[in-house]
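Peer 1: Here is my input, please return the structure:
(one chain, ligands or ions: 2)
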Amino acid sequence: MATAIRVGQGYDVHAFEDSEPFKNHIVIGGVRIDYQRGLKAHSDGDVLLHALCDALLGAAGLGDIGKHFPDTDAQYKGIDSRELLRLVIRKLSDLNYQLVNADLTIVAQAPKMAPHIPAMCEHISTDCVCDLDAINVKATTTEKLGFAGRKEGIAAYATVLIEKGTEV
Ligand SMILES: Nc1ccn([C@@H]2O[C@H](COP(=O)(O)O)[C@@H](O)[C@H]2O)c(=O)n1
Ligand SMILES: C[C@@]1(CO)OP(=O)(O)OP(=O)(O)OC[C@H]1O
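Peer 2: Ligands and ions are numbered 1, 2, ... in the order given. Down below sits the predicted model:
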């Protein structure tokens, strides 16, 4: 039995928005966080899960999230991004890939992410069908610099390792 391992990286940004349905809360890592603004998106705007989906798809050589779930398709309007993550995991599983670990970074001046990180890790490990300690979520400000520092939006980075068992 030989094991193939592959790395993937993902990056996503969503801008803050004040109109319905993006008011008063954001969703990050599947956690709803009360906030004075929302994140503009076709889906629920979960920038962290979008970066993770891109990293997983990239690692498997499957393109990116927009290729599989176009933002012009009405079936994804307002969708819970955890559903997209589970669909991505199924695509990898069909190719006999599984997640080894994911290291994720949220770039946001506000709101404070730290209290919500344990719940994010729980959601992601459940959806990725992996151990909790395979998922690491971090947050950082940009010391008020750039679009994130001006609170114009939130960015997220994801790095993943996936493995595939192959018969030899
Ligand atoms: N939106 C954020 C940003 C950061 N944190 C936590 O604060 C710590 C310090 O952030 P710096 O940008 O000053 O390095 C960081 O380690 C995070 O734990 C946060 O919770 N939410
Ligand atoms: C998730 C999708 C699909 O609803 O839309 P958005 O929520 O706008 O997110 P984005 O990261 O811009 O691109 C991926 C899209 O295809």
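
Peer 1: For stretch 55-69, give me every contacting residue.
Peer 2: Here stretch 55-69 makes contact (Cβ atoms under 8 Å, 6 or more residues apart in numbering) with 6-10, 12, 43, 50, 53-54, 76, 79, 84, 87-89, 91-92, 95, 97, 99, 102, 158-162. For every residue, glycine as well, the C-beta is placed using N, CA and C.

Peer 1: So which residues on this protein come close to ligand 1?
Peer 2: Residues of the chain found near ligand 1 (Cβ under 6 Å from any ligand atom) are 108, 110, 112, 113, 114, 139, 140, 141.

Peer 1: Give me the sheet partners of the longest strand anywhere in the chain and which way each runs.
Peer 2: Counting residues, the longest strand found in the chain (DSSP state E) is strand 2-17. As defined by DSSP bridges, the strand partners of strand 2-17 come to strand 38-39 (antiparallel), strand 153-166 (antiparallel).

Peer 1: returning to what we had before: quick check on the contacts of stretch 55-69: which are buried?
Peer 2: 8, 10, 12, 43, 50, 53-54, 76, 79, 84, 88-89, 92, 97, 99, 102, 158-162 (16 or more other Cβ atoms under 10 Å).
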